[in-house]
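**Student:** Predicted model follows, preceded by the sequence.
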Amino acid sequence: MRLRNVKGSRETIANSTFTIDNPEDYKGKFKELFGNDNPIQIEVGMGKGRFITDLATLNPDINYIGIEKYSSVLVRAIEKRELLDINNLFFIRMDAEDLEKVFEKGEVDKIYLNFSDPWPKDRHAKRRLTSRQFFGRYDTILKQGGIVEFKTDNTDLFNFSLEEIPFSAFKVTHYTYDLHNDETMNQGNIMTEYEEKFSSMGNPIHKLIAERKN
Ligand code: SAM
């Protein structure tokens, strides 16, 4: 993805009360940050944050944390967040490679991956957010029976993910190559920025749900 440098985005993030500056300090203590025992769900690579802000608005009894590597897009999520009167959504600017440094074993209930970068070259496969290496990290931070939900329009990345998950501690429980025409799986679907863009171009959206086995 090509990213434009957004002037002042680092300062906006540092000054925002909605971003967690030293997330390692909250490891095992995110419930204290939210002030309740509600389940914690995270989106990895949330981009401009439309999906997770909509989810948080709809589900006040679930706590959400949006994770994004780049300030220039995270700042757009902060702008959306500032317009909302909710207390169940925070953001972290970090590389998802460090998830295990930030979250305690079993601290997370669910992980969303939406339109993750495809990294098409074979030698970059382990950077894909659905690689066995990343599923190993999700295995650590997710509780037993925890769920990963993944959407993309990229068929190669989707097929790779379906093949890769059996090498991890997860099993694929549901999948579709055409989410928007799958009545059951599309129920309650919340569109991401990329999903809206690619489906309006006529690309079918693929989705899978994977569950941590034990
Ligand atoms: N999820 C959004 C959507 O569906 O509209 C954005 C999709 S965009 C193609 C992928 C996003 O994931 C980018 O904002 C990118 O910076 C972020 N990302 C990619 N790899 C990441 C990583 N290792 N850690 C955190 N964020 C990452």
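**Tutor:** Arrived safely, thanks for sending.
**Student:** helix/strand/coil for residue 60?
**Tutor:** Per DSSP: H, G, I helix; E, B strand; the rest coil, the local secondary structure of residue 60 is coil.
**Student:** That one touches residue 88, doesn't it?
**Tutor:** Yes - using CB atoms under 8 Å, residue 60 is in contact with residue 88, at 5.8 Å. Glycine gets a C-beta too; all of them are placed from N, C-alpha and C.
**Student:** Just list the residues touching residue 90, thanks.
**Tutor:** By CB atoms under 8 Å, 6 or more residues apart in numbering, the contact set of residue 90 is 18, 19, 20, 33, 64, 65, 66.
**Student:** could those be laid out in TSV, adding secondary structure, pLDDT and neighbour count?
**Tutor:** What follows is the contacts of residue 90, written out as TSV (DSSP: H, G, I helix; E, B strand; the rest coil; pLDDT from 0 to 100; neighbours: other CB atoms under 10 Å):
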residue	secondary structure	pLDDT	neighbour count
18	coil	94	16
19	strand	95	22
20	coil	95	19
33	helix	95	15
64	strand	98	26
65	strand	98	26
66	strand	98	30
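**Student:** so how far is residue 40 from the closest residue to residue 33 other than its chain neighbours?
**Tutor:** In space, and not counting its chain neighbours, residue 33 is closest to residue 26: 5.5 Å by CB to CB, 6 or more residues apart in numbering. Residue 26 sits 11 Å away from residue 40, taking CB to CB, to the nearest Å as the criterion.
**Student:** what does residue 8 give?
**Tutor:** Counting by CB to CB, the gap from residue 8 to residue 40 is 30 Å.
**Student:** quick one: the helices in this protein?
**Tutor:** Ranges of helices in the chain, per DSSP state H, are 9-15, 30-34, 50-58, 71-82, 99-102, 132-141, 155-164, 193-200.
**Student:** Between those helices, which one is closest to the ligand.
**Tutor:** helix 193-200 (3.5 Å; CB to the nearest ligand atom).
**Student:** just checking, what's the longest strand in the protein?
**Tutor:** Ranked by number of residues, the top strand in the chain under DSSP state E is strand 142-152.
**Student:** got the contact list for residue 32?
**Tutor:** Shown in contact with residue 32 (CB under 8 Å, 6+ apart): residue 26.
**Student:** Can you check the pLDDT for it?
**Tutor:** With respect to pLDDT, residue 32 scores 96.
**Student:** Next one: it from residue 25, what distance?
**Tutor:** Distance from residue 32 to residue 25, by CB to CB: 10 Å.
**Student:** Residue 134 too?
**Tutor:** For residue 134, the distance to residue 25 - CB to CB - is 24 Å.
**Student:** Also residue 140?
**Tutor:** Distance from residue 140 to residue 25, by CB to CB: 19 Å.
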